[in-house]
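From the sequence below, what's the structure:
(chains A and B)
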Amino acid sequence: DAKTTQPTSMDCAEGRAANLPCNHSTISGNEYVYWYRQIHSQGPQYIIHGLKNNETNEMASLIITEDRKSSTLILPHATLRDTAVYYCIVKAFGSSASKIIFGSGTRLSIRP
Amino acid sequence: GAVVSQHPSWVICKSGTSVKIECRSLDFQATTMFWYRQFPKQSLMLMATSNEGSKATYEQGVEKDKFLINHASLTLSTLTVTSAHPEDSSFYICSARPRDSPSGGYTFGSGTRLTVV
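Next comes the predicted model:
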């Protein structure tokens, strides 16, 4: 799986959009970009994933650059409950036996 | 959606005793489950891959005789921390993914906080 680079921490004002960047310059053609988040003392939660097109769901939007070497997770209206560590993972879809290795992630703090 | 249940959510045990943590896939079958450990302010570290009906695959540096994994059915994997010591105190998390998951995303349990005193 390709390596990813994320800022260690970020903060955002409540109600504003939180934009979390991720670099994955060695991504392969069959690898997807996945985002998970972990709220304190809970298990990680799947947010969104994409291959090359931008994606949106009820939680967030994912913008992937045309060369696929970087992406941005957007939380459109951040709330205090979005305070968490966000992990960007690049991975081929693979089988259910394919493991996930977590990097350090970005610690997002939402300020009132 | 796919749900993974972990039990117990927290446990305190005495040094030298063994502790068993259960991980269940509630609405899907999981031939493979994953066990992670997380220390405070650190990321999740993969410990082992649990395979239904066969031996678990351990990551480098993880003692298989200390962390016993049993995956006896398609919906249950257990992690037993044997002869626990204070340094084993950590947050343990399991994960699985339905074979037909449309997103390819993994579902995680809520975690088990182990404190060894």
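
Now the most centrally placed residue in chain A: closest residue in space, sequence neighbours ignored.
In chain A, the residue lying closest to the centroid (C-alpha atoms, centre = their mean) is residue A:35, at 3.2 Å. Closest residue to residue A:35 apart from its sequence neighbours, by C-beta to C-beta, 6 or more residues apart in numbering or on different chains: residue A:47 at 4.3 Å. In this view, the C-beta of every residue, glycine as well, is placed from N, C-alpha and C.

got it, and residue A:45?
residue A:37 (5.6 Å).

List the beta-bridge partners for the one you found.
Taking DSSP bridges as the rule, residue A:37 bridges to residue A:45, residue A:86.

what about it, neighbour count?
23 (other C-beta atoms under 10 Å in any protein chain shown).

how about the strands of chain B, start to end?
B:4-7, B:10-13, B:19-25, B:32-38, B:45-51, B:57-58, B:67-73, B:76-81, B:90-96, B:107-108, B:112-116 (DSSP state E).

re earlier: from what I see, the residue nearest to residue A:45 and residue A:44 are in contact.
Yes: at 6.7 Å, residue A:37 counts as touching residue A:44 under the criterion of C-beta atoms under 8 Å.

what residues do these two have in common as contacts?
Residues touching both residue A:37 and residue A:44 (C-beta atoms under 8 Å, 6 or more residues apart in numbering or on different chains): residue A:87.

Please identify the buried residues of stretch A:88-107?
By 16 or more other C-beta atoms under 10 Å in any protein chain shown, the buried positions in stretch A:88-107 come out as A:88-91, A:96, A:98-100, A:102-103, A:105-107.

looking at it, the residue nearest to residue A:35 is touching residue A:39, isn't it?
No: with contact defined as C-beta under 8 Å, residue A:47 does not count as touching residue A:39 (11.7 Å).

Format the strands of chain B as TSV; extra columns: mean pLDDT.
Listed next are these as TSV, based on pLDDT from 0 to 100:
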stretch	mean pLDDT
strand B:4-7	96
strand B:10-13	97
strand B:19-25	97
strand B:32-38	96
strand B:45-51	95
strand B:57-58	96
strand B:67-73	94
strand B:76-81	97
strand B:90-96	97
strand B:107-108	94
strand B:112-116	98
